[in-house]
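Visitor: mind looking at a prediction? Sequence and model below.
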Amino acid sequence: MTLKPRGSHNNNKQRGHMKITREQIKKAFVSDIKDIGEEAYNNQDWFQQDEQRLRYILATFDVEENFYRNCIEFDDKGEYQINSEQRLSLLMRMTYDELVDYVNENDLDWIGDDYDHVVEYLDTIMNEWQDDVEFNGTDMQNENCMTIVKRARAWNVDPETGYKSENKHEVAYNILMDYFDELPEETRAEAHKRLEAIGC
């Protein structure tokens, strides 16, 4: 199966490769928060509710019939690895209708482990690629539907470095570490011992 890119993207090429930015990947794979409802019934329907989730399925659904499989890999820390810039670029340019047509034409279905699949997307993409809302899947034993809980996040931000955490003590610890090496050696050793004693 050979697919040709639609349109010219020569301006984005760099040393023979497409230059795909993190922001472009975010736009292509992260659902709008308002589009994540409070329930999920099965992952086939849930992932077909918007183009971002459909792209995620096509990028991660590892079957031979899927041309886009493994073009990009996401980890659970908000990082990614591009394995095929050409296939990823094609996938990112597809409209919702084109994505649905591709699924139907290739008879792709990913029914099974429904709730686990939904939670994977919430944890890997929604919780790592945007900062406003945290998502959590509950009622996993309910055969009818699972519940998706949303929680607004409240960040504490170091104005100097931009480091942020919902735990203000974690931010304070990181600020302390910025000055740690400037302390006298004896003081550093004593501070290290006290921090180690409380598991820091």
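Guide: Perfect, I can see it now. Residues are numbered from 1 along each chain as shown.

Visitor: distance of V119 from V30?
Guide: Taking C-beta to C-beta, to the nearest Å as the measure, V119 falls 16 Å from V30. All C-beta atoms are positioned from the backbone trio N, CA, C, and that covers glycine.

Visitor: ok, C200 next?
Guide: 33 Å.

Visitor: so for those two, which sits in the more crowded spot?
Guide: Between C200 and V30, counted using other C-beta atoms under 10 Å, the more crowded position is V30 (18 against 13).

Visitor: any figure for the gap between the most centrally placed residue in the chain and I25?
Guide: The chain has I125 as the residue nearest its centroid, 2.2 Å off, counting by C-alpha atoms, centre = their mean. Plainly put, I125 is 10 Å away from I25 if you go by C-beta to C-beta.

Visitor: which stretches of the protein have low pLDDT?
Guide: Within the chain, the ranges that satisfy pLDDT under 70 run 1-18, 113.

Visitor: show me the domain layout of it.
Guide: As given by automatic domain parsing, the domain ranges for the chain are 10-150, 156-197.

Visitor: and what about the residue nearest to the centre of the chain, helix, strand or coil?
Guide: Look at I125: counting by DSSP: H, G, I helix; E, B strand; the rest coil, its state is helix.

Visitor: same thing with V100?
Guide: Assignment for V100 (three-state DSSP): helix.

Visitor: for the residue lying closest to it once chain neighbours are set aside, phi and psi?
Guide: Distances taken as C-beta to C-beta, 6 or more residues apart in numbering place Q48 nearest to V100, at 6.7 Å, with adjacent residues excluded. With angles defined as degrees, to the nearest 10, Q48 sits at phi -90, psi 10.

Visitor: in stretch 34-53, what counts as buried?
Guide: Neighbour-count burial for stretch 34-53 flags I36, A40, N42, N43, Q44, W46, F47, Q48, E51, Q52, R53 (criterion: 16 or more other C-beta atoms under 10 Å).

Visitor: just to revisit the earlier point, hmm, the residue nearest to V100 is touching V103, no?
Guide: Yes - Q48 is within contact range of V103, at 7.2 Å (criterion: C-beta atoms under 8 Å).

Visitor: which neighbours do the two have in common?
Guide: L54 (C-beta atoms under 8 Å, 6 or more residues apart in numbering).

Visitor: tell me which residues touch the residue nearest to E51 when sequence neighbours are not counted, please.
Guide: In space, and not counting its chain neighbours, E51 is closest to Y96: 4.1 Å by C-beta to C-beta, 6+ apart. By C-beta under 8 Å, 6+ apart, the contact set of Y96 is D50, E51, L54.
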